[in-house]
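J.: the sequence isn't on hand, but the structure is:
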């Protein structure tokens, strides 16, 4: 199995799917990354809050495109093997 652009696309798709599946109340709050993280106005954002914002924005923006990309990937895998 060679490292191709298709395998890079699949790896990225799997990582995006993994981020979108994370549930804030069930999983993230158990490790201390829940919704109740409050940051004051004018404070510098921490790395933890930036990662949480990245997870939330990926979940918001990529929901519909991920459905389409998953369907395309499944169809290509079914056709080409």
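T.: Received, thanks. Computed from a prediction, not measured in an experiment: that's the story for all the values here. Residues are numbered from 1 along each chain as shown.
J.: sec struct for the residue of the chain most remote from its centre, please.
T.: For the chain, the residue at maximal distance from the C-alpha centroid (CA atoms, centre = their mean) is residue 42, at 27.6 Å. For residue 42, the secondary structure call by DSSP: H, G, I helix; E, B strand; the rest coil comes out as coil.
J.: for residue 20, which non-adjacent residue is closest in space?
T.: Excluding its sequence neighbours, the residue lying closest to residue 20 (CB to CB, 6 or more residues apart in numbering) is residue 59, at 5.2 Å. In short, each C-beta sits where N, CA and C put it, glycine included.
J.: run the chain-centre distance for the worst-scoring helix or strand of the chain on mean pLDDT.
T.: Here the helix or strand of the chain ranked lowest by mean pLDDT, DSSP states H and E is helix 47-61, holding a mean of 84. Chain-centre distance of helix 47-61: 9 Å, with CA atoms, centre = their mean, to the nearest Å.
J.: which other helices and strands does that helix contact?
T.: Counting by 3 or more CB pairs under 8 Å, 6 or more residues apart in numbering; DSSP states H and E, the packing neighbours recorded for helix 47-61 are helix 5-21.
J.: and the helix it packs on with helix 47-61, angle?
T.: Angle, helix 5-21 to helix 47-61, by axes from the mean of the first three to the mean of the last three CA atoms, to 10 degrees: 100 degrees.
J.: so which bits of helix 5-21 are buried?
T.: For helix 5-21, burial by neighbour count (16 or more other CB atoms under 10 Å) applies to residue 16.
J.: quick one: mean pLDDT for that helix?
T.: In this model, helix 5-21 has a mean pLDDT of 91.
J.: show me what it is packed up against.
T.: In terms of contacts (3+ CB pairs under 8 Å, 6+ apart), helix 5-21 is packed against helix 47-61, helix 63-80.
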